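Trainee: Got a sequence here, can you build the structure:
(chains A and B)
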Amino acid sequence: MQKISRETLIEKAKELLQNGTVSSVLGWKAGEFSYDVTPATFNSVEELEKDFVYNDFCGANFSKYLVKATIKAEGKILVFLKPCDTYSFNQLLTEHRFNREKVYVVGIPCEGMVDVEAIRKAAGEGIVSVECTNDGLVVDTLYNGKVKLAEQDVLLERCKVCKSKKHVAYDELLGDEGEVIESKRFDEVERLEKMTPDERFAFWQRELSRCIRCNACRDICPACTCEQCVFNNPKSGVENKAAANSFEEKMFHIIRAFHVVGRCTDCGECSRVCPQNIPLHLLNRKFIKDIDNFYGEYQAGAEVGSRAPLVNYTTDDIEASDAVRKGDGENA
Amino acid sequence: MQRIGVFVCWCGSNIAGTVDVQAVAEALKTEPGVVFSTNYQYMCSQAGQDIMKQAIKEHNLTGVVVCSCSPRMHETTFRKTAAAAGLNPYMVEIANIREQCSWVHKDMPTGTEKAIILGKAAIAKVNLNTPLTPGESPVTKRALVIGGGIAGIQTALDIADAGFEVDIVEKKPTIGGKMAQIDKTFPTLDCAACILTPKMVDVAQNEKIRIFSYAEVTDVKGFVGNFTATIKKKARYVKEDVCTGCGICTEKCPQKKVPNEFNLGMDNRRAVYIPFAQAVPKVATIDPDHCTMLKTGKCGVCAKVCTAGAIDYTQKDEFIEENYGAIVVATGYNPISMDKFDEFAYNQSKDVITSLEYERLMNAAGPTAGKLLRPSDGKHPHTIVFVQCVGSRCSACDEKGKEYCSKICCMYTAKHAMLTRDKYPDTDVYVFYIDVRTPGKSFDEFYRRAVEDYGVHYIKGMVGKVMPEGDQLKVRASDLLANKQINIDADLVVLAAAIEPDKSARPLATMLTASMDTNDFFTEAHPKLRPVESPTAGVFLSGACQGPRDIPETVAQAGAAASKVIGLLAKDKLTCNPCVASSNEIMCNGCSSCANVCPYGAITYVEKEFRQPDRTTLVRRVASVNEAVCQGCGCCTVVCPSGAMDLKGFANNQIMSEVDAICK
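Mentor: Okay, the predicted model is just below:
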């Protein structure tokens, strides 16, 4: 159960709509199932009261929506951002992707969002409804009846290893500013690093072979905001290029990881939306770990205007040969 | 579709020896776009060029592929040939089938196969080439010389002589460099100061030359003809234009215990000092690390005694920006540290010294006023051992020293030995050497004189250990010719320390994007044919920053570098490289990645209106490249996440099609 209730958010949104600070609100409304919430724009108090939803399933990172929304909207947009979303927000500002003046950010605290796949694993198939109560989730299923689950057990992977409860960008805060957390998010990367190259190749081959190229990871990724993605660009020479073998097919994810390197804030949206449950965030996290390792800690989006080490040069930079040696040594 | 002509060169037997040129020309005939293919003995000869010109006209060629040597050799030649036949010169591509093929392969079938593949790649690229037109950029008619030693001085004088303005930036308070510290010069034994100081005065008096002493270059932007350098003038706490150099402050300064770097710490100077009598500019400098006034705020003696009122304790470092057309690097060298050479007891005994320290001991303006006295007890030494190659010619795995020969040590050691025997015939002088290397005009004669006329004992072999014992130094060495061990009780041991580039060279090379070798010496554009130019256009090399060298060589190179600078500055306009970046505005996000990595500041952002599919207008921020400033390095194309940035002449699709052609 989130600390902040739906009512508090509606209250805040109403206030800002009514006093003219904002002209629209970016929020969530109910989807087809109770665990399925959809981002939506609300333009009036009536719409808010009727459809606005806020619960443990509101994991979507709204930062990327602002790129298009700010172009469409006449006035200011109210957006509710969780701490992890604010990093993407700053990163997009660094890249001049939207006009900060057109956004009013209300920072909301977050206790971690739940993962419907984890619920399905714990409670079984056939989820009829999920109720978020003060002492956990009550899941009604077709086959197992009502199952009670603790939220902590069914959190999204990114929330289990949450890196920060700190809001790095906001106009107003509901609750505390929060702190950066000592996170265990690199443990899984380390596990992969300890594998032999063959084992690691087999791991990724297994994971990526499930990819159906639905492009959901790219479409949700706040770092993927190109006017025209290279994978859609007929002039790029890589669009619709026939794959030479079963692995080349998976180059999509590797190229994508390279494209977002140094810009990925580790928001975890790619893995959250993947219908095939591929742990795509691990590719990006390996890059983040290596950058931290080679150039000192760097968190994309921690501040607006920061320069990622890979597109910055300082005389203390590691020599390429040393980076290779260090990388090899670690993996050996 | 292009109409491409392919010209396969034999380069005599250089290519034809390992590549079946006939087969290459035949195989490439059927490639897409190729309408003509031939081979010839020397494509770069007049006759070869005529074949190309004729083919361009006869077959209405729109593109040319020359399978020949590296484009560094003859790309310009063939571009000019194509232009003479009315073709855009940038429609010519070179397939390097010599350096990258015939020279590295031994048998004909492999060589031929690879040559065909390289040819196919070049054809694939030409198919996507577009005609390019170079622009022009102006030349700032002023040169920057970094370093004020003999190399920098000579370069500056020669450039100024041709009528161009020159600025010298020297990090020490005076120009003069190492040569000012040297006593006599080989092989003529004339006094270094006597030949250097007139040049220093010339520099000071030359209206075209400005000296920024006690200053450093902290940033360099721009490109050939249009550099902008930021120069940090360190606070010397003395008004340079007011100080008369009378020296009263240095006499009255109560802080007397500052090691004198000019004499390598063998005597002391004051906290306010003028490095030596003939310093240029002759201006005092306050050493902020030792000045009581600057450290505690209590003293102010120098300000009181200065009649000119030149002392200013509030002075701050000053940064100035200047524009230059050319930059000469003359950062010089230093002897390496002797800390790692414990076997010679340099750190244990005051009487083990380096050769540069020996120069100061012999010099009339040195710590002993030119009398040869031991640093430990001020007694005259009767047995002196010189050790050569200390830290030079070490094996590659040895982390103590350098792999290279420091080149100047054989000659200056012969000089030291000779001068010592000349002044003090009662002294026994031993020189331990690996080889004596004296290839220079009158050099070997000089060395022979030391051995034959002056009775210096030259012993082939290395000194294994020096042990201080009482007031003597026990030297244990081997004589390789006599095949025996030698023990000498010496009074003084002089180490010919290897020389290395100045520590300021590496950060400077980074600023200038000039390349260096593994020893931090600057590399030249071509070791034989372009020895004084750095591979970075507009950056030239003078003196020991490029490799160990003596004074005559340094002066010759300084003149050569100056003539290259003059040749550049004499031009009013430079032709720009048309292979520059350009941004596809439809795809550009305006994310600023390209502008962040551009080393030349060539990318700016503009707000542009775009028509949307729904017929509305959208204003977007997009990158715009200043083609006169862009140097075509391609960093922007690599960081651009959307592939909007591309390089003319080296477009992504051209490179990809080359790769595809090779992998097919």
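
Trainee: okay, the nearest residue to B:Phe262 once chain neighbours are set aside: pLDDT?
Mentor: Leaving aside its sequence neighbours, B:Phe262 sits nearest to B:Pro275 (CB to CB, 6 or more residues apart in numbering or on different chains; 4.8 Å). The C-beta positions use only the backbone N, C-alpha and C, and glycine is treated the same way. Confidence at B:Pro275, expressed as pLDDT, is 95.

Trainee: just checking, B:Pro275 touches B:Lys172?
Mentor: Yes. Assessed by CB atoms under 8 Å, B:Pro275 is found in contact with B:Lys172 at 7.0 Å.

Trainee: between the two, what contacts are shared?
Mentor: By CB atoms under 8 Å, 6 or more residues apart in numbering or on different chains, B:Pro275 and B:Lys172 have no common neighbours.

Trainee: quick revisit: distance of the residue nearest to B:Phe262 relative to B:Tyr214?
Mentor: Computed as CB to CB, to the nearest Å, the B:Pro275 to B:Tyr214 distance reads 10 Å.

Trainee: Now for these two: what residues contact both?
Mentor: With CB under 8 Å, 6+ apart, B:Pro275 and B:Tyr214 have common neighbours B:Lys172, B:Pro173.

Trainee: Surely A:His96 is in contact with B:Gly590?
Mentor: Yes. Taking CB under 8 Å as the definition, A:His96 is a contact partner of B:Gly590 at 5.0 Å.

Trainee: so what's the residue in the stretch 151-300 of chain A positioned nearest to chain B up against?
Mentor: Using CB to the nearest CB, the single residue of the stretch 151-300 of chain A nearest to chain B is A:Cys226, 3.6 Å away. Counting by CB under 8 Å, 6+ apart, A:Cys226 makes contact with B:Met587, B:Asn589, B:Pro641, B:Ser642.

Trainee: and the last one, what does it touch?
Mentor: Meaning B:Ser642. Counted by CB under 8 Å, 6+ apart, B:Ser642 has contacts A:Cys226, A:Glu227, A:Gln228, A:Cys229, A:Val230, B:Met587, B:Cys588, B:Asn589.

Trainee: top of these by neighbour count?
Mentor: B:Cys588 (24 neighbours; other CB atoms under 10 Å in any protein chain shown).

Trainee: Check the gap between that residue and chain A for me.
Mentor: Going from B:Cys588 to chain A by CB to the nearest CB, to the nearest Å gives 7 Å.

Trainee: Wasn't that residue part of a helix?
Mentor: No. Counting by DSSP: H, G, I helix; E, B strand; the rest coil, one finds B:Cys588 to be coil, located in no helix.

Trainee: what's around A:Lys14, how many residues?
Mentor: Neighbours around A:Lys14, by other CB under 10 Å: 16.

Trainee: check contacts around it.
Mentor: Contacts of A:Lys14 by CB under 8 Å, 6+ apart are A:Val45, A:Leu48.

Trainee: Okay, helices next: where are they in the stretch 51-200 of chain A?
Mentor: For the stretch 51-200 of chain A, the helices defined by DSSP state H, counting those that start in this stretch occupy A:65-72, A:83-94, A:116-123, A:157-160, A:187-193, A:197-208.

Trainee: Tell me the helices and strands packed up against the shortest one.
Mentor: Going back to what we said before, that points to helix A:157-160. helix A:269-273 (3 or more CB pairs under 8 Å, 6 or more residues apart in numbering or on different chains; DSSP states H and E).

Trainee: following the helix it packs on, which helix or strand comes up?
Mentor: helix A:281-295 (DSSP states H and E).

Trainee: any idea which of the helices of the stretch 51-200 of chain A is most buried?
Mentor: helix A:83-94 (a mean of 26; mean count of other CB atoms under 10 Å in any protein chain shown).

Trainee: Next, the contact list for the closest residue to chain B within the stretch 1-150 of chain A, please.
Mentor: At 3.8 Å from chain B, A:Glu95 is the closest residue in the stretch 1-150 of chain A, using CB to the nearest CB. Going by CB under 8 Å, 6+ apart, A:Glu95 touches A:Thr225, A:Arg263, B:Asn589, B:Gly590, B:Cys591, B:Ser592, B:Ser593.

Trainee: out of these, what pair is the most spread apart?
Mentor: Greatest spacing in the contacts of A:Glu95, by CB to CB: A:Arg263 and B:Gly590 (14.3 Å).

Trainee: of those two, who's got more company?
Mentor: Neighbour count, other CB under 10 Å: between A:Arg263 and B:Gly590, A:Arg263 has more, with 25 against 22.

Trainee: helix or strand for that one, which one?
Mentor: Judged by DSSP H and E, A:Arg263 forms part of no helix or strand.

Trainee: Find the nearest non-adjacent residue to B:Gly547, please.
Mentor: Closest residue in space to B:Gly547, ignoring its immediate chain neighbours: B:Phe521 at 5.1 Å, by CB to CB, 6+ apart.

Trainee: number of nearby residues for that neighbour?
Mentor: B:Phe521, neighbours per other CB under 10 Å, totals 20.

Trainee: contacting residues for it?
Mentor: Counted by CB under 8 Å, 6+ apart, B:Phe521 has contacts B:Pro501, B:Ala505, B:Cys545, B:Gln546, B:Gly547.

Trainee: Swap in 10 Å and give it another go.
Mentor: Residues near B:Phe521 by CB atoms under 10 Å, 6 or more residues apart in numbering or on different chains: B:Tyr333, B:Tyr404, B:Glu500, B:Pro501, B:Ala505, B:Ala509, B:Leu541, B:Ala544, B:Cys545, B:Gln546, B:Gly547, B:Pro548.

Trainee: Alright, calling it a day.
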